[in-house]
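In: sequence and predicted structure are below.
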Amino acid sequence: MMLLGLVIAGLAAYWVYKDAIERGHDLNSAILWAVGTFAILIVFLPLYLIFGRNPKTPRRPEPIIDIEGCPVEDITDCTMCGAKIKRDFKACPYCGHTVNPTCTQCGHMLEREWRVCPYCQTPTPVK
């Protein structure tokens, strides 16, 4: 009969330990709940069911990652067709529009608004 009591207390302590870990208790507190349950089953099991089952750390939902909001690459919109393209493209692969012109003198990429190449001071073609 004593052996049956030890088996029941051991199973209850094991369940309390696993449940405490799943509910966010740290390792020390889960072990204390389990040891207390094994030692004094009739006292600690009801106490754990009343007070210990409340999670100490609230479960956070899995974060939703916004792919469009993540700067995976430096992306811009084509000024002609509006397609999403890399900022360093010289021409839009969808409509063929020249996105980033290059300097005729030194070959550096220029912004569309620039009137003079900042690298060699060559005037850019007037649009």
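Out: Structure's in. What do you need?
In: where does Ala13 sit: helix, strand or coil?
Out: helix (DSSP: H, G, I helix; E, B strand; the rest coil).
In: spatially nearest residue to it, not counting backbone neighbours?
Out: Phe38 (3.8 Å; CB to CB, 6 or more residues apart in numbering). In this view, the C-beta of every residue, glycine as well, is placed from N, C-alpha and C.
In: any chance you could map the strands in the chain?
Out: 75-77, 84-86 (DSSP state E).
In: tell me the buried residues in stretch 16-36?
Out: Applying a neighbour-count criterion of 16 or more other CB atoms under 10 Å, one finds 16-17, 19-21, 25, 30-34, 36 buried in stretch 16-36.
In: pull the most distant pair out of the residues you listed.
Out: Using CB to CB, the two most remote members of these are Ile21 and Gly36, lying 15.4 Å apart.
In: before we move on, the earlier item: what's the closest of the strands of the chain to Met1?
Out: strand 75-77 (73.5 Å).
In: direction included, what does that closest one pair against?
Out: strand 84-86 (antiparallel) (DSSP bridges).
In: now what about the strand it pairs with, what contacts it?
Out: 73-78, 92-94, 99 (CB atoms under 8 Å, 6 or more residues apart in numbering).
In: tell me which two of those sit farthest apart.
Out: Spanning the widest gap among those are Asp74 and Tyr94, at 17.7 Å by CB to CB.
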